[in-house]
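Peer 1: Here is my input; please provide its structure:
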Amino acid sequence: MLPSTGALAHSDFSLSHLVHLFLTSSVLLPTSMPHLTDLVARRRGRPFHTLEFFPPRTEAGFVNLLDRINRLSSGPLPAPLAISVTWGAGGSTADRTMELAEQAVKLGLDVILHLTCTNMPKEKVDQALKVGHTMS
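Peer 2: As a prediction, the model looks like this:
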């Protein structure tokens, strides 16, 4: 059962809580959004890589990171299978995470939203899933 505060505390977090959160969420994931397992299967045994990023705190760092993502995703190296964008515990970087994910999608990349659900109100997770859905 979810804590009465409506947030998932670290000590109360379990897989069953996450499943409950997913099943009771008002957000439906789009069927057009690729699953990571599908992206891997399309590689048919060929090597691949993914990249994980945490949004920088400053605007200059954000611009620099976007430039690096663009360079890492274009030739001569193969583009990553997907990039993972992580937000801090409790959603401390949630807005910048979603902004970075949106910019990566505009670059033509598949994005994995690495959402930390500890100490998170269900509504904030729902909102992140809604925004992610619009990016698909």
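Peer 1: residues contacting the residue positioned nearest the centre of the chain?
Peer 2: Against the mean C-alpha coordinate of the chain, by Cα atoms, centre = their mean, the closest residue is Leu113 at 0.6 Å. Applying Cβ atoms under 8 Å, 6 or more residues apart in numbering to Leu113 gives the contacts 84-85, 87, 97, 101, 128, 132. Using the backbone N, CA and C atoms, a C-beta is placed for each residue, glycine as well.
Peer 1: Spell out the secondary structure type for Arg44.
Peer 2: Secondary structure, DSSP: H, G, I helix; E, B strand; the rest coil: Arg44 is coil.
Peer 1: That one: neighbouring residues, count only.
Peer 2: 6 (other Cβ atoms under 10 Å).
Peer 1: same question, Glu59
Peer 2: For Glu59, using other Cβ under 10 Å, the count is 9.
Peer 1: same check, this time on Gly88
Peer 2: With other Cβ under 10 Å as criterion, Gly88 counts 13.
Peer 1: For the spatially closest residue to it that is not a sequence neighbour, give me phi and psi.
Peer 2: Counting by Cβ to Cβ, 6 or more residues apart in numbering, the nearest residue to Gly88 once its immediate chain neighbours are dropped is Thr116, at 6.7 Å. In terms of degrees, to the nearest 10, the main-chain angles of Thr116 are phi -90, psi 110.
Peer 1: Please apply the same query to Gly91.
Peer 2: phi 70, psi 30.
Peer 1: Confirm for me that it is in contact with Asp126.
Peer 2: No: if you go by Cβ atoms under 8 Å, Gly91 and Asp126 don't touch, sitting 12.0 Å apart.
Peer 1: So between those two, which is more surrounded?
Peer 2: Gly91 (20 against 15).
Peer 1: That'll do, ta.
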